[in-house]
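> Make a model of this:
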Amino acid sequence: MRMRTKWHDKERTVSVDEKANTMAFISWRIAAALVLNLENENFQTDTHKQRLDVIREALAFLVSVTDRLVAGQMSAEERQEFVAKYAIKLSKTFQENCEDLLGRDVDYKKDFIDTLNKRLNAYAECSWIDDKEMPGFQYKRDFGDFISAEMGARDNKWITDQIIEIEVPEMIENLKKSKYEMVDGRSTAKLG
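Alright, predicted model coming up:
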């Protein structure tokens, strides 16, 4: 997946708000690409709502992973501000997309935030491989199971394997590259 991952003016200080908004935009693209990848592998999605539910799960996973990735480089206050702004921006984007595809006059953000909070609590119990900056096996399995629950019934027993083996490594590589350049302010990425 191609995306812009460099600030134009490398000399200026980038605010926490700008970092959060940028990571939210990139995370949305990564989550949308996941849906496309699954559909291209002939996994069943039937409705816009189902696709948005998969995106919601992917975004919760990406917020959790990003939080782990920035843990060692931000103060506790800055990290909390960053993750909160990141989640708020994603909830607004989710609301806008749901309104466009599913209908207006519904608060889709509440469901997004509720899911995000549940998943952050669940992923907090999972292992993290520090030296590789990667989620552990149970972390990936839980994510795969959450996605599987949102997908269509056809072939969903294989979705978790697809997520663990193929999708998560690609998602993490894109997320780490973006985080490294957009949040850390580096000019080149060092990937796994």
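> And what about the spatially most central residue of the chain, helix, strand or coil?
Residue closest to the mean C-alpha point of the chain, counted by Cα atoms, centre = their mean, is residue 62 at 2.5 Å. Here residue 62 takes the helix state, with states given by DSSP: H, G, I helix; E, B strand; the rest coil.
> And for residue 14?
The three-state assignment at residue 14 reads coil, by three-state DSSP.
> what's the answer for residue 44, then?
Following three-state DSSP, we place residue 44 in the coil state.
> can I assume residue 161 is in contact with residue 144?
Yes: counting by Cβ atoms under 8 Å, residue 144 is a contact partner of residue 161 at 7.3 Å. No exception for glycine: its C-beta is placed from N, CA and C like everyone else's.
> Neighbour count for the two, which is higher?
residue 144 (22 against 13; other Cβ atoms under 10 Å).
> In contact with the more buried one, which residues?
Contact analysis of residue 144 by Cβ atoms under 8 Å, 6 or more residues apart in numbering lists 159-164, 168.
> need those in TSV with distance to residue 113, can you?
Output for the contacts of residue 144, formatted as TSV (distance: Cβ to Cβ, whole Å):
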residue	distance to residue 113
159	25
160	25
161	30
162	27
163	23
164	26
168	23
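> Just these: which are in helices?
Residues of those located in helices (DSSP state H): 159-162, 168.
> quick one: buried residues of the longest helix that the chain contains?
Using DSSP H, we find that the single longest helix of the chain is helix 76-102. Neighbour-count burial for helix 76-102 flags 79, 81-83, 85-87, 89-91, 93-95, 97-98 (criterion: 16 or more other Cβ atoms under 10 Å).
> from these, which is closest to residue 125?
Among the buried residues of helix 76-102, residue 83 lies closest to residue 125 (Cβ to Cβ), at 17.5 Å.
> Okay, the residue lying closest to that closest one once chain neighbours are set aside and residue 84: tell me how far apart.
Distance criterion Cβ to Cβ, 6 or more residues apart in numbering; nearest residue to residue 83, sequence neighbours excluded, is residue 67 at 5.2 Å. Distance, residue 67 to residue 84, by Cβ to Cβ, to the nearest Å: 11 Å.
> what does residue 164 give?
According to Cβ to Cβ, residue 164 and residue 84 sit 29 Å apart.
> Quick check: phi and psi on residue 73?
Torsion angles at residue 73 (phi, psi; degrees, to the nearest 10) stand at phi -120, psi -10.
> pLDDT weak spots in the chain?
Residue ranges of the chain with pLDDT under 70: 1-13, 152, 154-155, 180-192.
> What segments of it are helices?
Using DSSP H, helices in the chain cover 16-40, 48-70, 76-102, 108-124, 137-150, 159-162, 168-178.
> How far off centre is the fifth one?
Helix 137-150 has its C-alpha centroid displaced from the chain centroid by 13 Å (Cα atoms, centre = their mean, to the nearest Å).
> Closest one of the ones in helices among the contacts of residue 144 to residue 33?
Residue 33 has its nearest neighbour among the ones in helices among the contacts of residue 144 in residue 168, at 12.6 Å by Cβ to Cβ.
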